[in-house]
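*Asks:* Here is a sequence together with a model predicted from it:
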Amino acid sequence: MPSSPPATYSVVQKSLHWLIALVIILMIPVGVIMTGLESGSFKNNLYEMHKSFGVIVMALIIWRLIVRWRRGAPTLEADLPDWQKWAANISHKMLYLLIALVPLAGWAGTSMCCAPVKLFWSIPVTLPLSGSRETVKALFQFHEIGAFLLAGLVVVHISAALYHHFIRKDATLRRMLFRS
Ligand code: HEM
Ligand code: HEM
C-alpha cells in the first residue's frame, strides 16, 4: 500500500478499467442470450466464447486488484458531500468484489459440472475442484444473481460518472480518460 494516494490513475489502471468494462458489458447479454438458445453449434460456440473471455477477464481482474492494492487511487473530489464520498467508496468496493466473484463462481461451477474448461477450444484451464449437484447449482445461482447485481451497479456507476461530468462539471470522468 502506498503511503499517500497518487495524483492520477496510471495508464495501466485506466487501460484495465476500460478493457474489463468492455468485456463485462458484452458478457452479461451474451450470458443471457446463450442460456436461452436451442441446443446446437451456435449455442456451443457462444458458451465457449463466454467461458474463454470470462477466464481472461478473471486474470485481468487479478492484475487490476494487485495494481490497485500496490498503487492506490486518487482521492475523490474534495468538495463532494460526505454521502457521495461514502457511496462512491462502497460502490467501487462492491464493483471490485462482484467482478472478482462472478467469473470465479462461473469458472468453479463449470469446472465441477462440465469440465473440461478450455480457452478457445484449446488450452485446458479447468480448476481442480469437485462438488455435489447442490454446490454446482448454488455456484451458478450466485453467478446469475451476481451478474444481474453487477449490471445494476454498473448502470448506477455510469450514471454517476455522467452526473459528475455533465452536471457537476468536475474532473472525475476526465481522470479516468487517457487525455484529460
Ligand atoms: C465477468 C465475467 C462473467 C459475467 C459477467 C458472466 C455473466 C453471465 C450471465 C449474465 C449468465 C446468464 C445467467 C442466466 O441467465 O442463467 C451467465 C451464464 C453462464 N456463465 Fe457466465 N459470466 C462471466 C464469466 C464466466 C466464466 C469465467 C465462466 C466459466 C468459465 C462462465 C460460465 C457460465 C455458464 C456455464 C453459464 C450458463 C449457466 C447455466 O446454464 O445455467 N461465466 N454468465
Ligand atoms: C463493467 C463496467 C465497469 C466496471 C466494473 C467499473 C468499475 C470501476 C471501479 C471498480 C472503479 C474504482 C477505481 C478505483 O478506485 O480503483 C471505477 C472508477 C471509475 N469508473 Fe468505472 N467501471 C465500469 C464502467 C465504467 C463506465 C462505462 C464509465 C464511464 C461512463 C466509468 C467511469 C468511471 C470513472 C470516471 C471512474 C473514476 C471514479 C473516481 O476516480 O472517482 N466506468 N470503475
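*Replies:* On my side now, so go ahead. Ligands and ions are numbered 1, 2, ... in the order given.
*Asks:* contacts, neighbours, all on C-alpha from now
*Replies:* OK.
*Asks:* Spell out which parts of the chain neighbour ligand 1.
*Replies:* Those residues of the chain that sit near ligand 1, judged by Cα under 6 Å from any ligand atom, are 24, 27-28, 31-32, 35, 50-51, 54-55, 99, 102-103, 106-107, 110, 140, 144, 147.
*Asks:* which ones are touching Thr74?
*Replies:* I think there's a mix-up here, since residue 74 is Pro and not Thr. Residues touching Pro74, when contacts are defined by Cα atoms under 8 Å, 6 or more residues apart in numbering, comprise 5-9.
*Asks:* Looks to me like it is in a helix.
*Replies:* No. Note on Pro74: no helix contains this position according to DSSP: H, G, I helix; E, B strand; the rest coil, which reports coil.
*Asks:* quick one: the strands in the protein?
*Replies:* Remark: strands assigned in the chain by DSSP state E are 118-119, 123-124.
*Asks:* Which strands or helices does the first one pack on?
*Replies:* With contacts defined as 3 or more Cα pairs under 8 Å, 6 or more residues apart in numbering; DSSP states H and E, the secondary structure elements packing on strand 118-119 are helix 41-71.
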